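Colleague: Give me coordinates for this.
(2 chains)
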Amino acid sequence: EPEVTQTPSHQVTQMGQEVILRCVPISNHLYFYWYRQILGQKVEFLVSFYNNEISEKSEIFDDQFSVERPDGSNFTLKIRSTKLEDSAMYFCASSWIAGNTGELFFGEGSRLTVL
Amino acid sequence: DQQVKQNSPSLSVQEGRISILNCDYTNSMFDYFLWYKKYPAEGPTFLISISSIKDKNEDGRFTVFLNKSAKHLSLHIVPSQPGDSAVYFCAASGRTYKYIFGTGTRLKVLA
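Modeller: As a prediction, the model looks like this:
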């Protein structure tokens, strides 16, 4: 069964460092998303991406965050200068059709720990 | 602003009985709803969805009910099995690309 894969599974970084989280969405999907879950809290939307551009972003997704689809398969989330409060599980998701009419398929997550 | 609320943080049910997980929403623009199950250290896994044109959707042991006037949906699992023990999130979407997730309900099915 096709799945969304994410790397790394866990990254530990120092505050102020740049981090890139990588995702390989399901191959025929067109819509891509990043969500995050701070420990013990709800899953929060960060950004959606379609047709090589951001289609929607939340207030969490400030100038420190960026997304890119550098080739036909990868979808990356970059955090330019990490803060302690960026520590969370980051989930990539993809869908075949627009998010408001279909299910999202999630990866297993990348745990980011900022020290 | 919590647009999607799951007011029960946890629920314990005996194996074989019905589990009922509840979710309330405030935004009347939401028209598509999903339930996800999440095990520790894994991503959410899709369970079942319902659009606002329906009031019920069934898939095996899982049934989702939608009450639009009350802005309430519920997930019924029957019969409950120990493997159903997980955190369950409801999520809602309106005419946007994003889903808003609830805070989750931890279900424990006792053998």
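Colleague: Compute the distance between the spatially most central residue of chain A and chain B, please.
Modeller: By CA atoms, centre = their mean, chain A has its centre lying nearest to A:W34, at 3.0 Å. Distance, A:W34 to chain B, by CB to the nearest CB, to the nearest Å: 11 Å. Quick note: C-beta positions are derived from backbone N, CA and C, even for glycine.
Colleague: Pretty sure that residue sits in a strand.
Modeller: Yes - with DSSP: H, G, I helix; E, B strand; the rest coil as the criterion, A:W34 is part of a strand.
Colleague: Just the pLDDT for the residue nearest to it when sequence neighbours are not counted.
Modeller: Using CB to CB, 6 or more residues apart in numbering or on different chains and skipping the chain neighbours, the partner closest in space to A:W34 is A:L46 (4.3 Å). You'll see A:L46 listed with a pLDDT of 96.
Colleague: Surely A:L46 is in contact with A:I60?
Modeller: Yes - at 5.8 Å, A:L46 and A:I60 qualify as touching, with contact defined as CB atoms under 8 Å.
Colleague: What is the helix or strand containing B:Y36 packed up against?
Modeller: Under the criterion of DSSP states H and E, B:Y36 resides in strand B:32-38. Packing partners of strand B:32-38 (3 or more CB pairs under 8 Å, 6 or more residues apart in numbering or on different chains; DSSP states H and E): strand B:19-25, strand B:45-51, strand B:62-67, strand B:86-93.
Colleague: Return the most buried member of the ones you listed.
Modeller: Greatest average neighbour count among the helices and strands packed on strand B:32-38 goes to strand B:86-93 (a mean of 24), per mean count of other CB atoms under 10 Å in any protein chain shown.
Colleague: Could you list the paired strands of that one along with their orientation?
Modeller: Note on strand B:86-93: by DSSP bridges, its sheet partners are strand B:32-38 (antiparallel), strand B:100-101 (antiparallel), strand B:105-110 (antiparallel).
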